[in-house]
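> Pasting the sequence and the predicted model now:
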Amino acid sequence: MSNLNIVISLKDFIVYSEEILKSNHAYIYVEQRDVDNSISKVLLAKNEFDQILKNYNSKNLNFFISTEKLESTNESFYDDEICQYAIEGMGGRVDTDRIERISLRIISKSPDKTIKKLFDAIKNKLKKDENFGMGVKGNSVIHRNYFYQKDLVGSKLFVTDMYNEKAPIIEIV
């Protein structure tokens, strides 16, 4: 299973990976809590960008990157027919003094080659980008394959989970 951790806001991540997503014909879906407390997936469109991401700051909401378009907002990316085309994303929330890391993982144990290619393209872009550093310390363990935006160091507290006070704080190595 492929995992990737990046300390970046969801909004910045989407802008950062926009070219890769476009070239791989990928869609971003953001989970949103509805009035009846059910969760639906909203296809992220540029003209709704800020409004949708404002509603993303609730607890227990994820986002998904998919190379297949959903037929219904209530479909699950964890279903066998869909999961092979999807990456699950968690985190990316921001408040005045904290930023939550984004955790990306390929859902399927046997992913489609296009989703694996997209995942690898994001990882390779981060490795080559001089604006991102690698290696953090959390819970006394050093995570070398953890990426962070260098310009955020010192200005925000890096956290693994915005809504869990016991979650470890991420320190730069």
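Looks like it came in fine.

> partners of the spatially most central residue of the chain in the sheet?
By Cα atoms, centre = their mean, the chain has its centre lying nearest to residue 89, at 3.6 Å. Beta bridges link residue 89 to residue 63, residue 104 when assigned by DSSP bridges.

> Hmm, it is touching residue 62, no?
Yes: here residue 89 reaches residue 62: they are 6.2 Å apart, a contact under Cβ atoms under 8 Å. Backbone N, C-alpha and C define where each C-beta goes, glycine included.

> For stretch 12-20, buried residues please.
Of the residues in stretch 12-20, those with enough neighbours to count as buried (16 or more other Cβ atoms under 10 Å) are 12, 13, 14, 16, 17, 20.

> ok, of these, which one's closest to residue 113?
Closest to residue 113 out of these is residue 20 (15.3 Å), distances taken as Cβ to Cβ.

> Please report how far that closest one lies from residue 49.
For residue 20, the distance to residue 49 equals 17 Å [Cβ to Cβ, to the nearest Å].

> same check, this time on residue 158
From residue 158 to residue 49 the distance is 24 Å (Cβ to Cβ).

> Those two - which one has more neighbours?
Set residue 158 next to residue 49 and count neighbours by other Cβ atoms under 10 Å: residue 158 wins out with 21 against 14.

> which SSE is the more buried one in?
Counting by DSSP states H and E, the element that carries residue 158 is strand 157-159.

> That strand: partners in the sheet, and parallel or antiparallel?
strand 98-106 (parallel), strand 169-172 (antiparallel).

> Of the ones you listed, flag the one that's most buried.
Stretch with highest mean neighbour count among those: strand 98-106 (a mean of 21; mean count of other Cβ atoms under 10 Å).

> Check what contacts it and list those residues.
For strand 98-106, contacts defined as Cβ atoms under 8 Å, 6 or more residues apart in numbering pick out 1-10, 13, 65, 86-94, 115-116, 119, 122, 146, 152, 156-162, 170.
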